[in-house]
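Asker: okay, sequence plus prediction incoming.
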Protein chains: 2
Amino acid sequence: MATGRNHRPATRSRGIPEATVARLPLYLRALTALSERSVPTVSSEELAAAAGVNSAKLRKDFSYLGSYGTRGVGYDVEYLVYQISRELGLTQDWPVVIVGIGNLGAALANYGGFASRGFRVAALIDADPAMAGTPVAGIPVQHADELEKIVGDNGVSIGVISTPAGAAQQVCDRLVAAGVTSILNFAPTVLSVPDGVDVRKVDLSIELQILAFHEQRKAGEDATESSPDQAAPPVRAAVGGRKGPDGDMPAVMPA
Amino acid sequence: MATGRNHRPATRSRGIPEATVARLPLYLRALTALSERSVPTVSSEELAAAAGVNSAKLRKDFSYLGSYGTRGVGYDVEYLVYQISRELGLTQDWPVVIVGIGNLGAALANYGGFASRGFRVAALIDADPAMAGTPVAGIPVQHADELEKIVGDNGVSIGVISTPAGAAQQVCDRLVAAGVTSILNFAPTVLSVPDGVDVRKVDLSIELQILAFHEQRKAGEDATESSPDQAAPPVRAAVGGRKGPDGDMPAVMPA
DNA sequence: CCATCTTTGTGCACGCGTTCACAAAGACAT
DNA sequence: ATGTCTTTGTGAACGCGTGCACAAAGATGG
C-alpha cells in the first residue's frame, strides 16, 4: 500500500547531480548575503566557508552549471546569483498551496522565506468548515472542497501538506489528481505517488531520533561502553504475544 | 551540517552506517503501526513496502543491528520495535529545549510527536521579555537569560533552534557552551559548531527550491527543451566591472 | 611582453550506499 | 525423518559523491 513503485531513477536531470542541486540553495543564500553587502566577487574558498562546504566540492558543483568563474579572481557575485536562480527555476513565480492549517500550517503560512523567493502562497486549505474564511497570515482559509478548483484555477504545481498523518495520503492523492506534481510533506507518513511526482519530506520526529542516536553514542563512549543493558531486558517477545512489557506506545500516531 | 572544520569522521558509530541510522526511525514508525494492529510478524518485503524502501536495503540495515529475523517467517514485530528503540536511544528520556517561540516554535511545542517518543520538552525559551510567563502548549515561556541555568539544571543535551536567522548562531553558541551537544536547527543559517556537536538542519526554503528545480525540469521536458532562454538574457557581467550594463538583476529575492 | 602569482576547473582515486542474486536456515507438511 | 518451500542474511558488483592535487587560465606588476 505504501510506496510501491517509487522508482526515482537517478533524478540526475541535465547532468546535474542530485547532491549538487541540494546545495545550490545554500550557495544562493550565501551569495545573496554577499550581494546585499555589495561584494563584487568571491573566491571558491570564501564562498565555501560561508556555505559550510569544501571548496573543491563547490567548484565541482559550479562546473556542472558551466564555467562562471575567472581564474585568479573568483566568481562574480551578481552573475552567479542570477545563474543559480535561473537554474533552480526561481526566476519564475511558483504558486503554492498549503493544506492543513493547524499550528504548523499557520506557521508555514506566516514564514517569510516563503514569499520572498519566487514562491507565492496561492491558497490555504483546511478540512475544518469552521476555519473557512478565517484569515491566516492575511490569507483567508478555504475549505477542502475547493481544493481541485483552487489548484486548477491557479495552475498550482507545488503543494505543501501539513495535515495530521491520517489525512496526508488522501490529501496527496487529491492534489496529484488535480495536477500537482511536487509535494512537500510535513506529515509523518510515507506518501505513495505515481511516477513523475516528486515528494520531499520534512520530519521533525525523525531528525530528533537521529540526534538521539548520536547522543546516546557519545554518552556511551564516555561511559567506556560498560553499560550492559540500561533499560528493560530484551526479553524476546513470544510470537503472537501482547504488546511490550511496559505497554507504552501511547496510541494514535505517536510520531 | 556545520561549517569550517566539521570533519564528520565517518559517523559510522558501532559499524552502523549513517544512511541506515536515518532509516531506522522510518522502520520504527511502520513497526509501531503494525504493533498497534497486533500483527505478530512481518516479512522484509511487507515492512519495506510500508516504509517505502527496497527490501534488500531493509534486510541489510537490520543486519547491522544483528540477526533479529527468522528465515522462512520474517521479523517479530514487538522484538524489533524494542531493538530499534534501544538502538536509537529511545528507551531513555531526552529533555529538549526549544529556543525561539515564534509561530514555528509554538507549532513545534504543540507538536504531539515530540513528547511521545522519549522526547520531553523541558523548557521553552524566548528573547522577548513580554513572552516570559506566557504559557505555550501548557508550558510557560522563560526568558533567554535563563538559558544556561535551564540547560544545566535539566541536563539538556538536545536543543531546537527556531529563532530568526540573525539570532541562530548566537543562540547556538550559548547552547553549546551550556552543555548541549545536539542541535536541530530550523533557522535558515549555516551554524558553526565545535567538533563533537551534531547539527541537523530543517530548511523549508531549501526544500522548496529543490522541488522548484525538478518542477522546472519537468516543464522544460514537456516543452521539448526548445526554450532557448525563457527569462532575461544572462548578460555576463564584465569581470571586475560594474553590474550589468542595464543594472538589472531583478533582485531575484531578498532573503 | 614576460614573469609571477592567484584561483579556477577537473582527472583520479577512494569510500559509502545501493542493488542483485543466491546460498544458508529454518518452518511446515507428509 | 525427509523434502519442499519460504524468507533471511550477505558476498560481490556497480554507481554516486567526495576530496586531493595539479595543470591550465588569466590577472597583475614590472
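Answerer: Sure, I can see it.

Asker: is the closest residue to A:Val180 other than its chain neighbours bridged to anything, and to what?
Answerer: Closest residue to A:Val180 apart from its sequence neighbours, by C-beta to C-beta, 6 or more residues apart in numbering or on different chains: A:Gly159 at 4.4 Å. Backbone N, C-alpha and C define where each C-beta goes, glycine included. As for beta bridges, A:Gly159 partners with A:Val97, A:Ile183 under DSSP bridges.

Asker: check contacts around A:Gly159.
Answerer: A:96-99, A:151, A:172, A:175, A:180, A:182-184 (C-beta atoms under 8 Å, 6 or more residues apart in numbering or on different chains).

Asker: of those, which is the nearest to A:Ala48?
Answerer: Lowest distance from A:Ala48 to the contacts of A:Gly159 (C-beta to C-beta) belongs to A:Leu184, with 27.5 Å.

Asker: relative to A:Tyr82, how far out is that closest one?
Answerer: When distance is defined by C-beta to C-beta, to the nearest Å, A:Leu184 is 25 Å away from A:Tyr82.

Asker: and what of A:Val141?
Answerer: Taking C-beta to C-beta, one finds A:Val141 at 36 Å from A:Tyr82.

Asker: who's more crowded, those two?
Answerer: Neighbours were counted for A:Val141 and for A:Tyr82 using other C-beta atoms under 10 Å in any protein chain shown; A:Tyr82 has more, 26 against 23.

Asker: using the three-state scheme, assign the more buried one.
Answerer: Following DSSP: H, G, I helix; E, B strand; the rest coil, A:Tyr82 is assigned to helix.

Asker: run a quick neighbour tally on A:Gly72.
Answerer: Neighbours around A:Gly72, by other C-beta under 10 Å: 6.

Asker: surely it forms part of a helix?
Answerer: No - read with three-state DSSP, A:Gly72 is coil and lies in no helix.

Asker: for it, give its distance to A:Asn54.
Answerer: 21 Å.

Asker: what do you get for A:Gly74?
Answerer: Taking C-beta to C-beta, one finds A:Gly74 at 16 Å from A:Asn54.

Asker: likewise for A:Pro25?
Answerer: 17 Å.

Asker: now A:Gly105
Answerer: Counting by C-beta to C-beta, the gap from A:Gly105 to A:Asn54 is 37 Å.

Asker: those two: which is more packed in?
Answerer: A:Gly105 (24 against 13).

Asker: residue contacts, the residue nearest to the more buried one when sequence neighbours are not counted?
Answerer: Nearest non-adjacent residue to A:Gly105, counting by C-beta to C-beta, 6+ apart: A:Ser162, 4.0 Å away. By C-beta under 8 Å, 6+ apart, the contact set of A:Ser162 is A:98-102, A:104-105, A:108, A:186-187.

Asker: pLDDT score for A:Ser162?
Answerer: Per-residue confidence (pLDDT) for A:Ser162: 98.

Asker: the lowest-mean-pLDDT helix or strand in chain A: how far from the chain's middle?
Answerer: When the helices and strands of chain A are scored by mean pLDDT, DSSP states H and E, helix A:112-116 comes last with a mean of 74. Offset of helix A:112-116 from its chain centre (C-alpha atoms, centre = their mean, to the nearest Å): 15 Å.

Asker: in it, what counts as buried?
Answerer: Residues of helix A:112-116 classed as buried by neighbour count (16 or more other C-beta atoms under 10 Å in any protein chain shown): A:113-114.

Asker: what's the answer for stretch A:139-149, then?
Answerer: A:141-142, A:144, A:147.

Asker: now the end-to-end length of it.
Answerer: 17 Å (C-alpha to C-alpha, to the nearest Å).

Asker: swap in stretch A:103-122?
Answerer: 19 Å.

Asker: give the buried residues for it.
Answerer: Neighbour counts over stretch A:103-122 (16+ other C-beta under 10 Å) mark A:103-111, A:113-114, A:117-119, A:121-122 as buried.

Asker: looking at these, which are in helices?
Answerer: Using DSSP state H, A:103-110, A:113-114 are the members of those that sit in helices.

Asker: from those, pick out the ones that also neighbour DNA strand C.
Answerer: Near DNA strand C, judged by C-beta under 7 Å from any atom of the strand, there are no entries from those.

Asker: output the contacts of A:Gly159 as CSV; include the columns pLDDT, neighbour count and distance to B:Ser192.
Answerer: Shown next, in CSV, are the contacts of A:Gly159 (pLDDT from 0 to 100; neighbours: other C-beta atoms under 10 Å in any protein chain shown; distance: C-beta to C-beta, whole Å):
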residue, pLDDT, neighbour count, distance to B:Ser192
A:Val96, 97, 24, 31
A:Val97, 98, 23, 36
A:Ile98, 98, 29, 32
A:Val99, 98, 28, 36
A:Val151, 98, 25, 41
A:Cys172, 98, 24, 37
A:Leu175, 98, 27, 38
A:Val180, 98, 24, 37
A:Ser182, 98, 25, 32
A:Ile183, 98, 24, 33
A:Leu184, 98, 22, 27
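
Asker: for the closest residue to A:Ala22 other than its chain neighbours, give me the pLDDT.
Answerer: Nearest non-adjacent residue to A:Ala22, counting by C-beta to C-beta, 6+ apart: B:Ile210, 5.9 Å away. Among the per-residue scores, B:Ile210 shows a pLDDT of 98.
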